[in-house]
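Visitor: The sequence and its predicted three-dimensional model are supplied below.
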Amino acid sequence: MFITVEVKSPPEDHYVIVPKRNHLPVLISNVMGTGSKYIVNIVKDTGLHVKIQKGSCLGYAEPWSRFLNDVDDVIPLAKRQVSPLEVKIANVEENPTTQSEESFNSSIQGLQALSFSVADSKEHDMTQPNIEGDDIYSPYHLRQLQLQDSDLFPLIEWIESQYDPSDAELRLQSPATRALWLLGSCLEVIDGVLYYKWINQSERKPCLVVPNSLKSDVLLHCHDSKVAGHLGQQKTLDRVKQSFLWYHLHSDCIDYVKSCHICNQAHINHRAALKRFHAGCPMERIHLDILGPFNTSESGNRYSEEQLVFVDSHFHLDQILRRTRLRNLQHLQSVVAPGCSQYFYYGVANYVFPSRWNNWDSDVGFARDVYVSFGIHPFLAAEGVSKRQMDQLDSLTDSHLCVAIGEVGLDYTTTCICRPCHNPSRCKEEARRHQEEAFINMLLLARRKSLPVIIHCRNCGDGSAAKRTLELILHHNLADMKFYLHCFEGTIEELTAWQQLPTIIFGVSGKFIRDNTGLEVITRILPHQHVLETDSPFLSPFAWCPVNHPWNLPVIAAEVSRLRNIPLSVLTWTVNDNALKFFQMPKQRE
């Protein structure tokens, strides 16, 4: 509903007078008017006075000078000298029909001016800061986002229905839901939106309980915006806690600030770079200063335990989350391996299904120990790879977290999608031709991007797929590239053939533990060509663990250590160093 308004000279305190009828917000669109007439779109209204800035209703009326100092976006000085106008709405029908959310979105034609506002009293002045500069969210949108959040939906449902869940019901919920429910006396649904209300502090604004989909936007606003100016960890945390609340807020803020590349550019490391110690002569003595605390043995001697860490060179994070129905890597770790995060030093998450490419950022979350690789699995490449998919793959590999292309290659166990298949031999030849074309195109892309290639080749036991893959690499003069033959389970002859490539590594998974096969070839892999992987959620080393995960890697390392007859610490140091050098990942994790 558009209404013509009159523009009058501003009084001492500049504000907008809105007829008392419904609730905030009101959309003021000055760009639509000319002269002394302006167009006002009423979405919801109230009798309270409302501040405006840049044509948007932003909150309750205060002196304009104070508003300019508190605004969360930088206002040019030229605009500050312009006296704001008092707008009084005229010719409003007595009982106008409330405009629906859908009609409002279509009427503003792309103008993003929805604001946080949910209360009708002064103590509930919850006009929240603009999260993305121009994107402001209405209570309707906030409620929809909270209802879509699996952690917040039960809370809203319980509070609105005044239902008290039993302990058994709470145990079925996520850790976030259980933790927030402990604050049940402070949680309140205002205008359909879930807030945290401070106890005995009525002057403080309630905090918005942020859904998972808005966490990154809130952190971006509170740390990277023009006014925030990349504050430190504690100041960013204090700024977020003023208006927002969510589960693991403290750790998410700290991780976000630590991972900010702009802050890291300005950070000065006062410590000297770690270097290897080279002995000058055999049995040379050195003195080490080791900081405690130390453990005490039964004989009274003090000793320091060696902390082993592992690098999972190949796992499928998207498939793990899909099977376990978890949100991201942090959620997976809290459920699968609580208290074991120190063992997982680095990992390379492979995204080989184009339908899941766009989810990689949210899957990884704020984790600083995960890198990614992108490719198209031979199963899908057998049906043909489109130019659009190759262009998207080209764009994804530009990410600073992308360390390889793959897994790609040939899989001769692929069956056609024809049901029934009237010509199996023709379908098989066509599938292999599509796989070879896609493999060559992705090899050329990897060479252009100077990225390693993760190879997948599998057959029915005759070695034909591995032989053909190697032939294609040599035929196109690509032998000088870096190759990672993942989940290697070939023969000694295949191992010798692949070792003619100057830069190649072989990944060993936990498949040999369950199948008890390929034990001899594992011992023949050269130490500088050996890495470990889980290929999770596939190839679990345990029959009782249907969904494999990266925290099973220590079991694989222990078995390989036993087979090769070398200490576990030596093996882990060797395979970790090989993976870090191959993928060019920093040895010191940030």
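Guide: Sure, I can see it. All of these numbers come straight from a predicted model, not from anything done at the bench.

Visitor: how about the helices of the stretch 401-550 of the chain, start to end?
Guide: Along the stretch 401-550 of the chain, counting by DSSP state H, counting those that start in this stretch, helices occupy 424-449, 464-475, 492-498, 511-515, 519-524.

Visitor: Which one of these has the poorest average confidence?
Guide: Across the helices of the stretch 401-550 of the chain, helix 511-515 has the smallest mean pLDDT, namely a mean of 88.

Visitor: Give me the buried positions along it.
Guide: In terms of neighbour count (16 or more other Cβ atoms under 10 Å), helix 511-515 has its buried residues at Lys511, Phe512, Ile513. For glycine as for every other residue, the C-beta is placed from the backbone atoms N, C-alpha and C.

Visitor: Is it possible to get CSV of those that adds distance to Lys275?
Guide: What follows is the buried residues of helix 511-515, written out as CSV (distance: Cβ to Cβ, whole Å):
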residue, distance to Lys275
Lys511, 38
Phe512, 37
Ile513, 37
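
Visitor: if I pick the residue nearest the centre of the chain, what's in contact with it?
Guide: When Cα atoms, centre = their mean is applied to the chain, the residue found nearest the centroid is Gly365 (2.4 Å). Neighbour list for Gly365: Arg327, Asn328, Leu329, Gln330 [criterion: Cβ atoms under 8 Å, 6 or more residues apart in numbering].

Visitor: quick one: which of those has the most company?
Guide: Leu329 (22 neighbours; other Cβ atoms under 10 Å).

Visitor: that older thread, between the helices of the stretch 401-550 of the chain, which one is closest to Ser150.
Guide: helix 511-515 (33.5 Å; Cβ to Cβ).

Visitor: Who are the packing partners of that closest one?
Guide: Using 3 or more Cβ pairs under 8 Å, 6 or more residues apart in numbering; DSSP states H and E, the elements in contact with helix 511-515 are helix 553-564.

Visitor: Quick one: list the elements packing against the helix it packs on.
Guide: strand 310-315, helix 511-515, helix 519-524, strand 530-532, helix 568-583.

Visitor: The nearest residue to the residue nearest to the centre of the chain once chain neighbours are set aside: what's it in contact with?
Guide: Spatial nearest neighbour of Gly365, chain neighbours left out: Asn328 (3.8 Å); criterion: Cβ to Cβ, 6 or more residues apart in numbering. Counting by Cβ under 8 Å, 6+ apart, Asn328 makes contact with Leu321, Ser362, Asp363, Val364, Gly365, Ala367.

Visitor: Could you dump those residues into TSV and include distance to Met442, secondary structure and pLDDT?
Guide: Shown next, in TSV, are these (distance: Cβ to Cβ, whole Å; DSSP: H, G, I helix; E, B strand; the rest coil; pLDDT from 0 to 100):
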residue	distance to Met442	secondary structure	pLDDT
Leu321	25	helix	93
Ser362	25	helix	90
Asp363	22	helix	91
Val364	22	helix	91
Gly365	27	coil	85
Ala367	26	coil	84
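
Visitor: Whichever of those residues count as buried, I'd like them selected in ChimeraX; how would that read?
Guide: Per 16+ other Cβ under 10 Å, the buried members of the contacts of Asn328 correspond to this ChimeraX selection:
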select :321,363,364,365,367
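
Visitor: that older thread, which one of the helices and strands packed on helix 553-564 lies nearest to Thr397?
Guide: Closest to Thr397 of those, according to Cβ to Cβ: helix 568-583, at 13.4 Å.

Visitor: which helices and strands sit right next to the closest one?
Guide: strand 310-315, strand 344-351, strand 504-508, strand 530-532, helix 553-564.

Visitor: Extract the CA atoms of it and return them as PDB.
Guide: C-alpha atoms of helix 568-583 as PDB (Å, rounded to 0.1, in the frame of the first residue of the first chain):
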ATOM      1  CA  LEU A 568      54.400 -45.600  15.400                       C
ATOM      2  CA  SER A 569      56.000 -42.200  16.000                       C
ATOM      3  CA  VAL A 570      58.400 -42.700  13.100                       C
ATOM      4  CA  LEU A 571      55.600 -43.800  10.800                       C
ATOM      5  CA  THR A 572      53.300 -40.900  11.700                       C
ATOM      6  CA  TRP A 573      56.000 -38.300  11.300                       C
ATOM      7  CA  THR A 574      57.000 -39.700   7.900                       C
ATOM      8  CA  VAL A 575      53.500 -40.000   6.400                       C
ATOM      9  CA  ASN A 576      52.400 -36.600   7.800                       C
ATOM     10  CA  ASP A 577      55.500 -34.900   6.400                       C
ATOM     11  CA  ASN A 578      54.800 -36.600   3.000                       C
ATOM     12  CA  ALA A 579      51.200 -35.300   2.900                       C
ATOM     13  CA  LEU A 580      52.200 -31.700   4.000                       C
ATOM     14  CA  LYS A 581      54.800 -31.500   1.300                       C
ATOM     15  CA  PHE A 582      52.600 -33.000  -1.400                       C
ATOM     16  CA  PHE A 583      49.600 -30.700  -0.700                       C
END
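
Visitor: quick one: buried residues of that helix?
Guide: Leu571, Thr572, Thr574, Val575, Asn576, Asn578, Ala579, Leu580, Phe582, Phe583.

Visitor: Residues contacting that helix, please?
Guide: Here helix 568-583 has contacts from 306, 308-311, 313, 345-346, 348, 371, 403-404, 452, 482, 484, 505, 527-532, 557-558, 560-561, 564, 585-587, using Cβ under 8 Å, 6+ apart.

Visitor: I'd like the helices and strands packed on helix 568-583 as TSV, with mean neighbour count and mean pLDDT appended.
Guide: As requested, the helices and strands packed on helix 568-583 are arranged in TSV below (neighbours: other Cβ atoms under 10 Å; pLDDT from 0 to 100):
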stretch	mean neighbour count	mean pLDDT
strand 310-315	26	94
strand 344-351	25	92
strand 504-508	24	96
strand 530-532	24	96
helix 553-564	18	92
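
Visitor: is it possible to export those to TSV including distance to Ser425?
Guide: Listed next are the helices and strands packed on helix 568-583 as TSV, based on distance: least, Cβ to Cβ, whole Å:
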stretch	distance to Ser425
strand 310-315	33
strand 344-351	31
strand 504-508	33
strand 530-532	38
helix 553-564	39
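
Visitor: Select, out of these, the one closest to Gly184.
Guide: Closest to Gly184 of those is strand 344-351 (Cβ to Cβ; 34.3 Å).

Visitor: Mind giving me the packing neighbours of the closest one?
Guide: Applying 3+ Cβ pairs under 8 Å, 6+ apart, we find strand 344-351 packed against strand 310-315, helix 317-324, helix 360-364, strand 370-374, strand 402-411, helix 568-583.

Visitor: Filter the contacts of Gly365 down to just the ones in helices.
Guide: Taking DSSP state H, the ones among the contacts of Gly365 that sit in helices are Leu329, Gln330.

Visitor: returning to that earlier point: can you tell which of the helices and strands packed on helix 568-583 is closest to Leu495?
Guide: Ranking the helices and strands packed on helix 568-583 by their distance to Leu495 (criterion: Cβ to Cβ) puts strand 504-508 first, at 7.3 Å.

Visitor: Residues in contact with the closest one: which ones?
Guide: 313-314, 482-488, 495, 498, 522, 525, 529-533, 535, 556, 560, 578-579, 582.

Visitor: With just CA atoms, put it into CSV.
Guide: Only the C-alpha atoms of strand 504-508 are listed here, as CSV (Å, rounded to 0.1, in the frame of the first residue of the first chain):
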residue,chain,number,x,y,z
ILE,A,504,53.7,-39.8,-6.9
ILE,A,505,52.4,-40.9,-3.5
PHE,A,506,50.3,-43.9,-2.5
GLY,A,507,47.4,-43.7,-0.1
VAL,A,508,46.7,-46.7,2.2
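
Visitor: how does this structure divide into domains?
Guide: What automatic domain parsing lists as the domains of the chain is 2-115, 140-266, 315-583.
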